[in-house]
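*Asks:* Build the 3D model from these lines:
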Amino acid sequence: MADAAPRLKSLVEQLLGAPLPVRIRAWDGSESGPPGAPALVVRNRRALRRLLWKPGELGLVRAWVSGDLGIDGDLYTALDLLAGLIWERGEDARSFGQAARDPQVRAAVRGLARMAGPFPPPPPPPEEVRRVRGHLHTRRSDRRAISHHYDVGNDFYEIVLGPSMVYSCAYWAGPGSTLEDAQRDKLELVCRKLDLKPGQRLLDVGCGWGSMAVHAAREYGVSVVGITLSQEQAVFARKRVAEEGLTDRVEIRVQDYRDVTDGPYDAISSIGMAEHVGAERYLGYARDLYALLKPGGRLLNHQIARRPQKDESAYSVDVFIDAYVFPDGELAPIGSTVTQLERAGFEVRDVESLREHYALTLRRWVANLEAEWVRAQRLTSPGRARVWRLYMAASALSFEHNRIGVNQVLAVRSPESGASGMPLRARTWGG
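*Replies:* Below you'll find the predicted structure:
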């Protein structure tokens, strides 16, 4: 008799002390749970061993990335339901360990262990970061982290990002806009905020696949230095620059921002890069960029932000993101970012939230990935494709529910005279 799903549902609800909002479909074909709800597909007993060995988010993610666990039904709905049950409750190994003092919880764990079969659990999926001891955010560790995220194949990123090859929040005129139009409008917005003029020098920190550099040089006549730590990005960007006939105006370097010494620049763009810097080094990052700008020069810093915590010392990086997506990445509240920029000497002139815009962007990226799912898996690995699908869908929900945001901060290296060069009503941005 196929009865694994009802047994699992009963034991999991006993363990969590709450009803499961999703259905369970087990390896024996049985199902149990609310009719019409998305199904959590437990494909084999290995999934249980992973969950018991690493309770909470890491165990769930390992089971998902390995393919031992899946979802049948709308992914966004399923993640929303599971977020309220698992992630928002803060379940991890420590909290489960504390709960294990409860006889009911211990009984549920024993029941799940019997269903899981023999231990130990399988090894982590190969897509999981292998940690190397040492300090965070050294030049070497940052290169390694950037390579993990970006050097997974330009063809794969072309599937996800589309022709624009812009890997940051787009700027939407409305939900009916195309992704390419919205990304072009974002690049235009950045250029207008920086007030770029022909003959100026622009430094694009974290230049990605060269989209900002090409747009600024082609549309605004500036000379651009774009820097990245990703070899694959640099190869793609240089090819793109050559095809556009812009090699006389755009230079793409594989270089750490700390090693740029050929200032001054008239303007600096840092779009979706500062999340990699880290809290301990952020003031140094801001000071380095300040030193590279000429007096009156502008910085446009486009960065994801998290909500502030009552106890900031308790902040920790999301387990899934750190292990599979952005190793060593850190998010800061927007207030902390503005403070650090001001401590470095900048005058902050404008802060614009694009939170809803990022949710729209991520949903388009997920749709792109799903539309070419078989090819995407072939270009990287099935596990890597599953990582990106989960990370982008979960991130879209986080932006929609105001768990995280994204902001463009425009700052100026105002000269001693105080003449910032900003218009009295800056929000028109010349558009």
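*Asks:* which residues are in contact with stretch 235-242?
*Replies:* The set of residues external to stretch 235-242 that reach it, using C-beta atoms under 8 Å, 6 or more residues apart in numbering, is 154, 165, 207-210, 213-214, 226, 228, 247, 250, 252. (Glycine included, C-beta is placed from N, CA and C.)
*Asks:* Those residues: which two are farthest apart?
*Replies:* With distance counted by C-beta to C-beta, no two of the contacts of stretch 235-242 lie farther apart than 154 and 247, which are 19.3 Å apart.
*Asks:* Those two - which one has more neighbours?
*Replies:* residue 154 (19 against 13; other C-beta atoms under 10 Å).
*Asks:* and the spatially closest residue to that one that is not a sequence neighbour, how far is that from residue 210?
*Replies:* Spatial nearest neighbour of residue 154, excluding adjacent residues (C-beta to C-beta, 6 or more residues apart in numbering): residue 236 at 4.8 Å. In this structure, residue 236 lies at 7 Å from residue 210, with C-beta to C-beta, to the nearest Å as the measure.
*Asks:* I'd like the average pLDDT over the longest helix anywhere in the chain.
*Replies:* Taking DSSP state H as the criterion, the chain has its longest helix at helix 382-400. Summarised as a single mean, pLDDT over helix 382-400 is 96.
*Asks:* what does stretch 74-91 give?
*Replies:* According to the model, stretch 74-91 has a mean pLDDT of 77.
*Asks:* Kindly report the same for stretch 263-274.
*Replies:* Confidence for stretch 263-274, expressed as mean pLDDT, is 96.
*Asks:* residues making contact with stretch 4-16?
*Replies:* With C-beta under 8 Å, 6+ apart as the test, stretch 4-16 has contacts from 19-20, 23-28, 30-33, 42, 48, 85, 91, 104-105, 107-109, 111-112, 115.
*Asks:* do stretch 297-306 as well
*Replies:* Contacts made with stretch 297-306 from outside it, assessed by C-beta under 8 Å, 6+ apart, are listed as 168-169, 190, 193-195, 264-272, 274-275, 289-290, 293, 315, 331-334, 337, 341, 346, 358, 403-413.
*Asks:* Can you select the buried ones from those in PyMOL?
*Replies:* A single PyMOL command suffices to select whichever of those are buried according to 16 or more other C-beta atoms under 10 Å:
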select buried, resi 168+169+190+193+194+195+265+266+267+268+269+270+271+272+274+275+289+290+293+331+332+333+334+337+341+346+358+403+404+405+406+407+408+409+410+411+412+413
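*Asks:* Quick one: mark the members of the contacts of stretch 297-306 that sit in strands.
*Replies:* Within those, residues falling in strands by DSSP state E are 265-271, 293, 404-412.
*Asks:* related to what we said a few turns ago, got any residues that touch both of residue 236 and residue 210?
*Replies:* Contact criterion C-beta under 8 Å, 6+ apart; residues bridging residue 236 and residue 210 by contacting each: residue 165.
*Asks:* Neighbour count for the two, which is higher?
*Replies:* Just comparing residue 236 and residue 210: by other C-beta under 10 Å the higher neighbour count belongs to residue 210, 27 against 21.
*Asks:* Next up, the contacts around residue 368.
*Replies:* Residues in contact with residue 368 (C-beta under 8 Å, 6+ apart) are 159, 160, 161, 162, 179.
*Asks:* just to revisit the earlier point, please render the contacts of stretch 235-242 as JSON lines that adds secondary structure and distance to residue 351 to the earlier fields.
*Replies:* Formatted as JSON lines, the entries for those read as follows, by DSSP: H, G, I helix; E, B strand; the rest coil; distance: C-beta to C-beta, whole Å:
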{"residue": "154", "secondary structure": "helix", "distance to residue 351": "33"}
{"residue": "165", "secondary structure": "coil", "distance to residue 351": "27"}
{"residue": "207", "secondary structure": "coil", "distance to residue 351": "23"}
{"residue": "208", "secondary structure": "coil", "distance to residue 351": "23"}
{"residue": "209", "secondary structure": "coil", "distance to residue 351": "27"}
{"residue": "210", "secondary structure": "coil", "distance to residue 351": "27"}
{"residue": "213", "secondary structure": "helix", "distance to residue 351": "25"}
{"residue": "214", "secondary structure": "helix", "distance to residue 351": "27"}
{"residue": "226", "secondary structure": "strand", "distance to residue 351": "25"}
{"residue": "228", "secondary structure": "strand", "distance to residue 351": "26"}
{"residue": "247", "secondary structure": "coil", "distance to residue 351": "36"}
{"residue": "250", "secondary structure": "strand", "distance to residue 351": "29"}
{"residue": "252", "secondary structure": "strand", "distance to residue 351": "29"}
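*Asks:* shaky segments in this structure?
*Replies:* Low-confidence segments of the chain, defined by pLDDT under 70, span residues 1, 86-101, 131-137, 139, 141-151, 430-431.
*Asks:* And the contacts of the longest helix of the chain?
*Replies:* Counting contacts by C-beta under 8 Å, 6+ apart, the residues touching helix 382-400 from outside are 61, 64-67, 75-76, 79-80, 83, 125-127, 152, 156, 160, 320-321, 324-325, 355-356, 358-359, 362-363, 365-366, 369-370, 373, 376-377, 404-406.
*Asks:* quick one: which of those sit in helices?
*Replies:* The helices, defined by DSSP H, take in 61, 64-66, 75-76, 79-80, 83, 156, 160, 320, 355-356, 358-359, 362-363, 365-366, 369-370, 373, 376-377 from the contacts of helix 382-400.
*Asks:* Can you tell me which of those are buried?
*Replies:* 61, 64-66, 75-76, 79-80, 83, 156, 160, 320, 355-356, 358-359, 362-363, 365-366, 369, 376-377.
*Asks:* Among the contacts of stretch 4-16, which lie within helices?
*Replies:* Using DSSP H, the contacts of stretch 4-16 in helices are 48, 85, 104, 105, 107, 108, 109, 111, 112, 115.
*Asks:* contacting residues for the first one?
*Replies:* By C-beta under 8 Å, 6+ apart, the contact set of residue 48 is 8, 42, 112, 115, 116, 117.
*Asks:* residues near the closest residue to it other than its chain neighbours, how many?
*Replies:* In space, and not counting its chain neighbours, residue 48 is closest to residue 116: 3.7 Å by C-beta to C-beta, 6+ apart. The tally of other residues near residue 116 (other C-beta under 10 Å) stands at 19.
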